[in-house]
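A.B. asks: I would like the atomic coordinates for the input below:
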Amino acid sequence: MKSFKILVATAAIALSSGAAHAQEAVSLDQLLRQVQQGQANDNRANREREAEFARQKSEQQRLLNQARSERTALERRGEQLEALFEDNNTKIATATAELNERLGSLKELFGVLQQVSGDTQSVFQSSLTNIEYPDREDFLVELGTKMASTTSLASIEDIEHLWYELQREMTESGKITKFQTSVITKDGEQETMEVFRVGAFNIAAPGKYLQYTPETGNVTELQRQPSAGRFTNSTADLFSAAPGSTVTFGLDPTRGGILAQLVDAPTLRERVDQGGIVGYCILGLGLLGLVIAAVLFVSLTNASSKVTSQLKTDKPNKNNPLGRVLATYDENKSVDTETVELKLSEAVLKETPALTRGLLFLKVIAAVAPLAGLLGTVTGMIKTFQVITLYGAGDPKLMAGGISQALVTTVLGLVVAIPMVLLHTYLNGRSRRVLSILQEQSAGMIAEHSEKSHAG
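C.D. replies: Just a heads-up that it's a prediction; the model follows:
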């Protein structure tokens, strides 16, 4: 039984070592023959590999000898290069010392030139004159590279050219020039147009300001012009001005700082929009009050003129309040004084609503508008405190912006309330004037009627 296990294990090893083409054994004898055949094949393959290695042994020795000879040659070459490197270092040190000795004070001059060329390049890049003279930057870059090199020196022509560029920058900073350049409009399109450069401060086109971006070298139109029309109008005046004439121009001495603040300043429409729904309601009340005030003004003016005309004649005309009161008196001349007094009082009371209609609503609007503004301010402050709770109070601009928006409704409420109070006072005075005339005439007619009754 043990022999059988050993035989089976040996057969398994033989099959796993490469007898891929062996057919499936049907008996132990056949399995044994297959194992012997596999061992014979392995021995023959090993002998063939040993013979191949023996044939290549001489070739490997030849390659080894060749590699050793190449290594020896490279080592000798390395020693020669090291000696040459040391010799060159000695020559460079000697030449550098000789160069420094010959340069003397010129070395300090070249250092100053290198610094000046670098500073001038940064100044020119941010200057508006660079739009007209973009090629000078190439000269400054070349000069700076030359001054930083140890193999070349600046010539007298280079120094004079640098002097010329500095002088031209100072001269151009005091000029107003007109030229053609490519401008990127606010729509993103590139367009060639005629522009004005006012010194080194502003660049403008007719009716609009432009800005220069040093990083890209592009001239672009502002996305929004200053809200004050006098600034944009000054740009048009500058273009239409005759040579040598004086023009009032909105100059920005900070080279864009003040202009940016003017552009960022919200317009009247944007201020109103900040008020939100409460602000629109206040404006709606103000508009309604103006309409009512206009109707009342027309009505009271018409009634006052007709009453004034009626005062000049004794014949009653029913197209005005006084005429209707006089007509009532004419209709009741035959009755007693008390009845006439009651009839005239009734006639005056009938005319009062038409003369005072809408005054109460104006008074209500004048009282409600500030309260609505206060409501908007309180709600706006609540939103501001919520933002502070989320983002903190580290940014003063964030807090100031929220408070500014909250106070807009208060401003709108006062803007509506103040005119409403004035209109109510004015129209109420005119209404009282007409009513006073009616009451005065009514009292006069009663007195006259009473005198006639006692005389009769």
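
A.B. asks: Helices along this protein, start to end?
C.D. replies: 2-16, 28-103, 106-126, 136-148, 156-172, 229-240, 257-264, 268-274, 276-311, 321-331, 337-356, 359-391, 396-455 (DSSP state H).

A.B. asks: show me what contacts Gln61?
C.D. replies: By CB atoms under 8 Å, 6 or more residues apart in numbering, Gln61 lies in contact with nothing. C-beta: built from backbone N, CA, C; applies to glycine.

A.B. asks: Next, format the helices of the chain as JSON lines and append mean pLDDT and distance to Ile184.
C.D. replies: Shown next, in JSON lines, are the helices of the chain (pLDDT from 0 to 100; distance: least, CB to CB, whole Å):
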{"stretch": "helix 2-16", "mean pLDDT": "46", "distance to Ile184": "78"}
{"stretch": "helix 28-103", "mean pLDDT": "80", "distance to Ile184": "48"}
{"stretch": "helix 106-126", "mean pLDDT": "78", "distance to Ile184": "18"}
{"stretch": "helix 136-148", "mean pLDDT": "79", "distance to Ile184": "20"}
{"stretch": "helix 156-172", "mean pLDDT": "87", "distance to Ile184": "23"}
{"stretch": "helix 229-240", "mean pLDDT": "75", "distance to Ile184": "18"}
{"stretch": "helix 257-264", "mean pLDDT": "70", "distance to Ile184": "17"}
{"stretch": "helix 268-274", "mean pLDDT": "77", "distance to Ile184": "25"}
{"stretch": "helix 276-311", "mean pLDDT": "89", "distance to Ile184": "35"}
{"stretch": "helix 321-331", "mean pLDDT": "83", "distance to Ile184": "69"}
{"stretch": "helix 337-356", "mean pLDDT": "85", "distance to Ile184": "63"}
{"stretch": "helix 359-391", "mean pLDDT": "86", "distance to Ile184": "35"}
{"stretch": "helix 396-455", "mean pLDDT": "84", "distance to Ile184": "29"}
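
A.B. asks: Let me know which of those is the nearest to Lys178.
C.D. replies: Proximity to Lys178 (CB to CB) singles out helix 229-240 among the helices of the chain, at 7.9 Å.

A.B. asks: Distance from that closest one to the middle of the chain?
C.D. replies: 24 Å (CA atoms, centre = their mean, to the nearest Å).

A.B. asks: returning to that earlier point: could you look over the helices of the chain and pick the most buried one?
C.D. replies: The highest mean neighbour count among the helices of the chain, using mean count of other CB atoms under 10 Å, belongs to helix 321-331: a mean of 20.

A.B. asks: List of residues touching that one?
C.D. replies: So helix 321-331 is contacted by 303, 306-307, 310-311, 314, 316-318, 340, 343-344, 346-348, 350-351, 354-355, 434, 437-438, 441-442, 445, 449 (CB under 8 Å, 6+ apart).

A.B. asks: now do 7 Å
C.D. replies: Here helix 321-331 makes contact (CB atoms under 7 Å, 6 or more residues apart in numbering) with 303, 307, 310, 316-318, 340, 343-344, 347-348, 351, 355, 434, 437-438, 441-442, 445.

A.B. asks: next one: stretch 73-93
C.D. replies: By CB under 7 Å, 6+ apart, stretch 73-93 touches no other residue.

A.B. asks: What of stretch 285-301?
C.D. replies: Counting by CB under 7 Å, 6+ apart, 355, 358, 361-362, 365, 368-369, 416, 420, 423, 427, 430-431, 434 sit against stretch 285-301.

A.B. asks: now could you export just the CA positions of it as PDB?
C.D. replies: Taking C-alpha atoms only, stretch 285-301 is exported to PDB below (Å, rounded to 0.1, in the frame of the first residue of the first chain):
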ATOM      1  CA  LEU A 285     -48.600 105.200  -1.000                       C
ATOM      2  CA  GLY A 286     -46.600 108.300  -2.000                       C
ATOM      3  CA  LEU A 287     -47.700 108.000  -5.600                       C
ATOM      4  CA  LEU A 288     -51.300 107.500  -4.600                       C
ATOM      5  CA  GLY A 289     -51.100 110.600  -2.300                       C
ATOM      6  CA  LEU A 290     -49.700 112.700  -5.100                       C
ATOM      7  CA  VAL A 291     -52.600 111.700  -7.400                       C
ATOM      8  CA  ILE A 292     -55.100 112.600  -4.700                       C
ATOM      9  CA  ALA A 293     -53.300 115.800  -4.000                       C
ATOM     10  CA  ALA A 294     -53.300 116.700  -7.700                       C
ATOM     11  CA  VAL A 295     -57.100 116.000  -8.000                       C
ATOM     12  CA  LEU A 296     -57.800 118.100  -4.900                       C
ATOM     13  CA  PHE A 297     -55.600 120.900  -6.100                       C
ATOM     14  CA  VAL A 298     -57.500 121.100  -9.400                       C
ATOM     15  CA  SER A 299     -60.900 120.800  -7.700                       C
ATOM     16  CA  LEU A 300     -60.100 123.400  -5.000                       C
ATOM     17  CA  THR A 301     -58.600 125.800  -7.600                       C
END
